[in-house]
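**Student:** return atomic coordinates for the entry below.
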Amino acid sequence: MVLEVYKQMIARKILFTMLSAILLILSIIIGVSIGAVRIPPNIVLKILLGNSLSESNSLYTIIIWKVRLPRVLMASMVGASLAIAGCLVQGVFRNPLASPYVLGISSGAAFGAALAVILEIWLIIPIPIFAFIFAMLSLMITYVVAAEDGRLPVTSLLLAGIAVASLFSALTSFMMYVAGEKLEVIVFWLMGNLTGIRWQEVRIVAIGSLPLIALSLFFGQELNVMMLGEDTAKSMGVEVDKSRKIIVILVALLVSVCVSYVGPIGFVGLVIPHMVRLVIGPDNRFLIPASAFFGGAFLVLADLISRVVIKPAEIPIGIITSLFGVPFFIYLLKRRKRVITHAAESM
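**Tutor:** All right, here's what the predicted structure looks like:
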């Protein structure tokens, strides 16, 4: 009986993961299809599959391959990366309300981008490179501050991340204060956007993120054990400190690669893992891949909304994700408060 129930649970998790993958594929087709010029989905499929079309549809081919597909693929990779980073961070901190930005990486990248604009280095060195450098610098500072005798305690890591994030946020605010005419460029980057994404950026992010996404899938079982508590994990043979260091570096690289090119897009890494967790539970073996698919689909659809709501103008995608994420985050807080209150009353 117990074995049968377990098999049903696994089957449900696999089914949801498959449905999330299908949702991602459909969202990519919809994202490519809808815009200032609407392209029928069947035409999109024909073009993507390389079927020859009449000369009258050559405009569709240009729009898809030169404009929309790079942007949609970038959105899917960034969404998947941030969602996985959220899963990993929430597993490490054993807190479903933790965000991948808690390590201070996003704030470091923001300062790097602002500094590049202020010093006009971005005319020689692209903003993403500077943002990535300072994202890694913020991680190094967080790591040095949090480390204790070769260990990486969760509480110290959290507090160090908050401190480093506050430091770089203050420095970014100062950069904005003295920016003058360059303020618009900084604000535009800080809001998060996918405008003007080209195949070159897509290739770079793919090379940086896809191997990391694949690597993260191998940590599902370890995270499951680590969430039982440090002592329990050690008794089961898990090298907690070593695994925690690797996962933190993995999260930092995932977030840095994405943030460097599209800016800090909020709430994806916080909300998506929790939405998936509500459906299939906390088993990271399935939570990580399902969140990747669901996160990719979410960001593709959010980008679609940002493009069509006030067309031909665009809303920064960070605004869209926040408008969706904040109400759900408030719901999570209220729900958690009810659970804690109910537990206290039952004692």
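
**Student:** the bottom helix or strand of this protein by mean pLDDT?
**Tutor:** Of the helices and strands making up the chain, the lowest-confidence element is helix 317-346, at a mean of 70, by mean pLDDT, DSSP states H and E.

**Student:** need the pLDDT of residue 245.
**Tutor:** Predicted confidence (pLDDT) at residue 245: the value is 86.

**Student:** and residue 8, by the same measure?
**Tutor:** In this model, residue 8 is scored at 82, pLDDT.

**Student:** show me what contacts it?
**Tutor:** For residue 8, no contacting residues are found, by Cβ atoms under 8 Å, 6 or more residues apart in numbering. Where you see a C-beta, it was placed from the backbone N, CA and C, and this is true even at glycine.

**Student:** tell me which helix or strand it sits in.
**Tutor:** Here residue 8 sits within helix 2-33, counting by DSSP states H and E.

**Student:** mind listing what's buried in that helix?
**Tutor:** Buried residues in helix 2-33, counted by 16 or more other Cβ atoms under 10 Å: 13, 16-17, 20-21, 23-24, 27-33.

**Student:** what's the spacing between the residue most central in space within the chain and residue 225?
**Tutor:** By Cα atoms, centre = their mean, the mean C-alpha position of the chain lies nearest to residue 82, the distance being 1.4 Å. If you measure residue 82 against residue 225 using Cβ to Cβ, to the nearest Å, the figure is 24 Å.

**Student:** ok, now residue 166?
**Tutor:** 33 Å.

**Student:** which of these two has more neighbours?
**Tutor:** Using other Cβ atoms under 10 Å as the criterion, residue 166 and residue 225 rank with residue 225 on top: 18 against 12.

**Student:** does anything pack onto the helix or strand encompassing the more buried one? Which helices or strands?
**Tutor:** Assigning secondary structure by DSSP H and E places residue 225 in helix 220-226. Packing contacts for helix 220-226, counted by 3 or more Cβ pairs under 8 Å, 6 or more residues apart in numbering; DSSP states H and E, involve helix 69-93, helix 230-235, helix 240-262, helix 284-308.

**Student:** go again using 6 Å as the cut-off
**Tutor:** For helix 220-226, the elements it packs on are helix 284-308, judged by 3 or more Cβ pairs under 6 Å, 6 or more residues apart in numbering; DSSP states H and E.

**Student:** so the helix it packs on versus helix 240-262, what angle?
**Tutor:** 10 degrees (axes from the mean of the first three to the mean of the last three Cα atoms, to 10 degrees).
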